[in-house]
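Enquirer: structural data only, the sequence is not supplied:
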């Protein structure tokens with residue numbers, strides 16, 4: 001069971017000492033680095049102090065404790081505030097790391113990065129992303145609590161706190177996430193708004209004059225205002241009231257002063273994104289009664305007070321461990337499942353139900369095959385949770401009869417779009433609405449919370465809306481699965497606004513992201529296996545709207561070849577190939593047909609399916625050269641997308657049939673024909689390459 005937060009510190013003098021310690025650790029670190037954002041830590045130190053010493057339940061000696069409260073510094077530019085708190089409360093972040101703020105090799109980068117600094121829950125910096133991550137974390141807590149808690153046995157019971165700024169609330173992604181959080185009634189999400197009314201280059205009166213409290217009330221949030229950001233008692237009361245609110249997420253608007261205490265820079269944007277400067281630091285320390293030397297002062301009594309977090313954290317985790325032992329005795333199967341999922345492990349035979357699709361000349365769209373696969377693995381993977389941006393009928397990503405993640409009190413009236421299985425916080429279908437920006441960021445929050453394998457779904461063209469979140473998933477090396485359907489100009493009549501051209505190249509440009517474009521139903525099944533098994537990177541599955549033949553794997557190589565990124569689907573009938581045809585996705589069946597036509601003319605053709613550049617590039621050189629031998633330089637790649645990047649695989653003697661202009665509104669087969677994706681054109685271009693090569697010999 002969750003214990004009450006510790007009682008407030010009885011000494012105002014000690015409170016002030018601790019708050020000023022946070023302030024001046026931050027000021028000194030920024031000044032030493034000659035880079036950073038001192039204003040936010042100076043103004044927000046009191047609210048952070050109250051949260052971290054009176055409310056936040058965490059164990060600095062075990063940052064990964066499953067039932068810890070989560071804290072997100074969405075205003076990531078104020079990173080030194082978080083680093084100061086982590087050091088002071090006893091995390092493995094020595095003072096020397098604060099002195100190395102923003103330097104090469106330090107654990108205190110310019111913006112918080114998960115995996116670099118102990119205690120940092122998520123990578124923040126692009127404003128609004130952390131806010132949306134916190135919504136995902138709160139969803140994860142609610143889901144896991146609904147799945148695993150039993151009467152008298154509450155093993156999942158924690159809050160998600162976020163510190164957000166004006167910039168966070170201006171970004172559209174925060175609006176989307178806040179709207180969904182209010183709809184879902186995420187009562188254990190508490191956001192502290194550092195309402196300092198200053199942005200990087202101006203006062204908010206120039207750009208941001210809406211009533212933020214009324215806006216969030218309209219979203220369905222519980223809002224409170226603290227008029228004085230230095231009033232610890234008022235901040236304390238507001239946090240307790242937020243915890244007492246069970247049906248709504250909370251926004252606490254705390255009126256702070258950026259650069260607090262700086263005589264010439266308080267309440268100015270000059271304190272936002274630059275060091276105060278030696279003269280202003282001196283004046284600020286004098287104004288607040290802080291010694292000028294040495295720098296990085298931490299008095300023993302302040303450190304002792306902050307380090308209570310170590311003792312309190314160990315006690316809280318020990319209490320939880322005792323409760324979990326009772327839970328394990330009562331519910332051994334659930335306890336084992338919970339531990340496995342929080343560790344990110346997969347159950348045995350999780351993929352046993354994935355079908356093998358029979359050869360079929362008509363076949364099916366890979367989005368349809370994906371849906372069939374998804375609705376087999378969901379039975380064995382309770383961690384698999386996700387949904388689409390209002391596109392389930394098109395993306396085929398509904399988990400049928402697995403329940404909708406909704407507040408059960410709202411299950412009434414028009415239930416169109418429900419996946420079936422009831423409304424509850426144990427539902428596995430997340431209905432994101434038309435909110436692609438937030439969908440990706442919320443999925444990242446689900447992933448970093450732990451215990452969840454999240455997936456999202458939308459059309460490939462709208463990956464542009466999600467790019468910041470996809471990039472951050474890759475930067476954090478999180479297992480997030482991004483499903484993108486309607487993958488090319490072949491989607492047809494919706495026209496160039498909906499036909500992706502450059503999106504594949506754009507996604508492939510993101511480091512650490514695995515992009516997979518399967519060619520048929522069986523490659524799609526293997527692609528899902530790869531995506532689920534890949535723990536240290538996100539995956540993007542690129543799927544068709546149109547039907548594709550299901551290849552006869554007794555005639556062609558097995559679809560397991562997808563695991564290696566590219567493989568020889570069909571070998572030339574005799575001797576060294578005259579040409580290698582390379583295809584991805586829907587164009588593989590096209591090059592198969594073209595290869596057969598060329599073979600009729602005595603041309604020796606090797607057919608290569610190349611669903612994933614990233615997986616192929618990770619293979620040993622020997623394997624890569626076995627698929628694309630250096631001795632066969634005549635190569636033709638065929639893909640209904642931008643040709644950018646293909647030169648790496650086709651070389652100077654090769655060529656690419658692709659799409660380097662926008663699409664057109666017409667039936668898909670017409671657009672593909674007009675853009676040259678025909679057997680006739682592939683054969684023509686192949687013969688031109690072969691003749692050119694022969695003419696040079």
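Expert: Arrived safely. No experiment lies behind these values; they were computed from the predicted model shown.

Enquirer: helices of the stretch 51-200 of the chain, start to end?
Expert: 79-89, 95-99, 129-148, 166-170, 172-184 (DSSP state H, counting those that start in this stretch).

Enquirer: now render those helices as CSV, adding distance to residue 293.
Expert: All C-beta spots, glycine's among them, are computed from the backbone N, C-alpha and C. Output for the helices of the stretch 51-200 of the chain, formatted as CSV (distance: least, CB to CB, whole Å):
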stretch, distance to residue 293
helix 79-89, 19
helix 95-99, 15
helix 129-148, 35
helix 166-170, 34
helix 172-184, 41
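
Enquirer: which parts of whichever helix or strand residue 329 is part of are buried?
Expert: Assigned by DSSP states H and E, residue 329 belongs to helix 308-330. Within helix 308-330, the residues that qualify as buried are 309, 312-313, 316-317, 320, 323-324, 327-328, counting by 16 or more other CB atoms under 10 Å.

Enquirer: need the mean per-residue confidence for that helix.
Expert: The average pLDDT within helix 308-330 is 98.

Enquirer: which residues does it contact?
Expert: The contact list for helix 308-330 (CB atoms under 8 Å, 6 or more residues apart in numbering) reads 1, 3, 6, 52-53, 57-62, 65-67, 89-90, 150, 153-155, 334-336.

Enquirer: let's see that with 6 Å instead.
Expert: With CB atoms under 6 Å, 6 or more residues apart in numbering as the test, helix 308-330 has contacts from 57-60, 65, 67, 89-90, 153, 155, 335.

Enquirer: again, but for stretch 596-603
Expert: In contact with stretch 596-603 (CB under 6 Å, 6+ apart) are residues 578, 605, 679, 683.

Enquirer: gap between the closest residue in space to the second one that isn't next to it in sequence and residue 359?
Expert: Once flanking residues are discounted, residue 605 sits nearest to residue 595: 4.2 Å by CB to CB, 6 or more residues apart in numbering. Distance of residue 595 to residue 359, given as CB to CB, to the nearest Å: 17 Å.

Enquirer: quick one, which of those two is more surrounded?
Expert: residue 595 (27 against 16; other CB atoms under 10 Å).

Enquirer: and the next element down the chain from the one helix or strand the more buried one maps to?
Expert: Per DSSP H and E, residue 595 falls inside helix 587-600. Counting by DSSP H and E, the next helix or strand C-terminal to helix 587-600 is strand 605-609.

Enquirer: in this structure residue 194 contacts residue 162, no?
Expert: No - using CB atoms under 6 Å, residue 194 is not in contact with residue 162; the gap is 10.6 Å.

Enquirer: which residues touch the nearest residue to residue 284 once chain neighbours are set aside?
Expert: In space, and not counting its chain neighbours, residue 284 is closest to residue 262: 4.5 Å by CB to CB, 6+ apart. Neighbouring residues of residue 262 by CB under 6 Å, 6+ apart: 271, 276, 280, 284.

Enquirer: quick one: contacts for the closest residue to the first one other than its chain neighbours?
Expert: Residue nearest to residue 271 in three dimensions, not counting chain neighbours: residue 259, with 2.8 Å by CB to CB, 6+ apart. Taking CB under 6 Å, 6+ apart as the definition of contact, the neighbours of residue 259 are 39, 42, 265-266, 271.

Enquirer: one more: residue 485?
Expert: Counting by CB under 6 Å, 6+ apart, residue 485 has contacts 367, 395, 543.

Enquirer: tell me the confidence at residue 420?
Expert: pLDDT, residue 420: 89.

Enquirer: now do the SS call for it.
Expert: coil (DSSP: H, G, I helix; E, B strand; the rest coil).

Enquirer: ok, now how distant is it from residue 393?
Expert: Distance of residue 420 to residue 393, computed by CB to CB: 14 Å.

Enquirer: show me where pLDDT drops low in the stretch 151-300 of the chain?
Expert: In the predicted model, the stretch 151-300 of the chain carries no residue with pLDDT under 70.

Enquirer: I'd like to know how many residues surround the closest residue to residue 87 other than its chain neighbours.
Expert: Excluding the flanking residues, the one nearest residue 87 by CB to CB, 6+ apart is residue 93, at 4.7 Å. The number of residues packed near residue 93 is 23, by other CB under 10 Å.

Enquirer: now the contacts of residue 485 as TSV including secondary structure?
Expert: Shown next, in TSV, are these (three-state DSSP):
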residue	secondary structure
367	helix
395	helix
543	coil
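
Enquirer: helix, strand, or coil at the residue nearest to residue 481 when sequence neighbours are not counted?
Expert: Nearest in space to residue 481, with sequence neighbours left out and distances taken as CB to CB, 6+ apart, is residue 455 at 4.0 Å. The three-state assignment at residue 455 reads strand, by three-state DSSP.
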